[in-house]
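Participant: this is a predicted model, with the sequence first.
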Amino acid sequence: MRDDKCKRKQALFDLLMKPDLEKADIKRLKAVAVGLYETLQAQIEATQDSAAKQGTRDQIRVTIRDYLWDENKGLPVSYGVPEIEAKTDAVLADLMMQARQASGSVHR
């Protein structure tokens, strides 16, 4: 279970990464990946079948976007508006794919 959490945090980091970041931005990005993972896990655990309903997916997207935009814990200032929106969509798509795979393995 712990190994899976590490893989998911690393996957988030990889999704959020962009070329040519400064060392300080990379350090912050690591913290963003961990914090976003924990925030999303808490929200998903409180929601049954998070991928099934459009309203739930919309709430999760807002959570991701708000977290990435947050001045104190979000992405570094080197990320522009289009990049943050693209990263929000990428994280949501990955999360929904993971949820579908998990629910598919339960039904087998």
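Facilitator: Looks like it came in fine.
Participant: now find how far off-centre the one helix or strand in the chain whose mean pLDDT sits lowest is within its chain.
Facilitator: The helix or strand of the chain with the lowest confidence, counting by mean pLDDT, DSSP states H and E, is helix 81-106 at a mean of 86. Relative to the chain's own centre, helix 81-106 is displaced by 7 Å; criterion: Cα atoms, centre = their mean, to the nearest Å.
Participant: please renumber the chain so that the first residue is 8 from this point on.
Facilitator: Got it, the first residue is 8 from now on, which makes the last one we talked about helix 88-113.
Participant: quick one: buried residues of that helix?
Facilitator: Buried residues in helix 88-113, defined by neighbour count with 16 or more other Cβ atoms under 10 Å: 91, 94-95, 98-99, 102, 106. The C-beta positions use only the backbone N, C-alpha and C, and glycine is treated the same way.
Participant: which of these sits closest to Asp73?
Facilitator: Proximity of the buried residues of helix 88-113 to Asp73 (Cβ to Cβ) peaks at Thr95, which lies at 9.3 Å.
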